[in-house]
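Undergrad: based on what follows, work out the 3D shape:
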Amino acid sequence: MLTDKCKKCRRAGEKLFLKGERCFTAKCAIARKPYLPGPATKSGRPRRASVSEYGAKLREAQKTKFSYGIRTRQYENYMKEAAVKAAGGNVKAGLFGLLESRLDNVVYRLGLAESRSVARQMVTHGHIMVNGRRVNVPSRRVFIGDKISIRPQSAVKGKFKDLDVKMKKYNPPAWLRMDKAKKEGEIVGAPSAENI
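TA: Okay, here's the model as predicted:
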């Protein structure tokens, strides 16, 4: 079944990996329907129009917002913070560093969730702990040295049933360390544009 997430990928013209494992299979909407969403017209399927410079920048911003599951106001706040921190440097790298250090993204990058939306739901429902304390704010920023784990009471839930099998074949990025036996991750470095 085609969902709103799949339409966002089709509109962007590339895979944004919003559906987790499904995006790596032949069921992916981009693989099945590589054209724009919408009804067919008399002249055929809708075509991509030429895009102005402003339109290209807007599309890139939309792709980032869709990928990380944030709203426009949050995106603008992250942009302002990245611009202040960069101070004439690389704002794009600063922006992605801030987005990658969100708790929901770290849970996804550690391999505890199949997509960022599932990771956000896990955090919101209180299944995730940071430094031994239960956290339910997906946008919470994590720092070097923070330890992320699954709450012991939540480890028996259905979401985490097949986690051992998935963890065997998954390797987190270089800035994260994962203890697969304990299902506990640690931030060991800062995310950079190269390993995103």
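
Undergrad: any chance you could map the helices in the chain?
TA: Along the chain, counting by DSSP state H, helices occupy 4-12, 29-32, 53-68, 72-86, 91-100, 103-109, 116-124, 163-168.

Undergrad: just name the most buried of those helices.
TA: helix 103-109 (a mean of 24; mean count of other Cβ atoms under 10 Å). In this view, the C-beta of every residue, glycine as well, is placed from N, C-alpha and C.

Undergrad: what is the mean pLDDT for that helix?
TA: Average pLDDT, helix 103-109: 93.

Undergrad: using PDB, list the CA coordinates for it.
TA: Provided in PDB are the C-alpha atoms of helix 103-109 (Å, rounded to 0.1, in the frame of the first residue of the first chain):
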ATOM      1  CA  LEU A 103      18.100  11.300  20.200                       C
ATOM      2  CA  ASP A 104      15.600   9.800  17.700                       C
ATOM      3  CA  ASN A 105      18.300   9.900  15.000                       C
ATOM      4  CA  VAL A 106      20.900   8.300  17.300                       C
ATOM      5  CA  VAL A 107      18.500   5.500  18.100                       C
ATOM      6  CA  TYR A 108      18.000   4.900  14.400                       C
ATOM      7  CA  ARG A 109      21.800   5.100  13.600                       C
END
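
Undergrad: by contact count, what packs against that helix?
TA: If you count contacts as 3 or more Cβ pairs under 8 Å, 6 or more residues apart in numbering; DSSP states H and E, helix 103-109 packs onto helix 91-100, helix 116-124, strand 128-130, strand 147-150.

Undergrad: how about these, which one is nearest residue 8?
TA: helix 116-124 (11.5 Å; Cβ to Cβ).

Undergrad: in CSV: the helices of the chain, plus distance to residue 175.
TA: Formatted as CSV, those follow (distance: least, Cβ to Cβ, whole Å):
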stretch, distance to residue 175
helix 4-12, 26
helix 29-32, 28
helix 53-68, 17
helix 72-86, 17
helix 91-100, 8
helix 103-109, 9
helix 116-124, 17
helix 163-168, 18
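
Undergrad: nearest to residue 147 among these would be which one?
TA: Closest among these, using Cβ to Cβ: helix 103-109, at 10.8 Å.

Undergrad: hmm, who's touching the closest one?
TA: Residues from elsewhere that reach helix 103-109, judged by Cβ atoms under 8 Å, 6 or more residues apart in numbering: 68-69, 99-100, 113, 115-116, 118-120, 122-123, 128, 130, 135, 137-142, 148, 172-173, 176, 185, 187.

Undergrad: and for stretch 141-155?
TA: In contact with stretch 141-155 (Cβ under 8 Å, 6+ apart) are residues 98, 101-103, 106-107, 110, 112, 126-132, 134, 160, 182-190.
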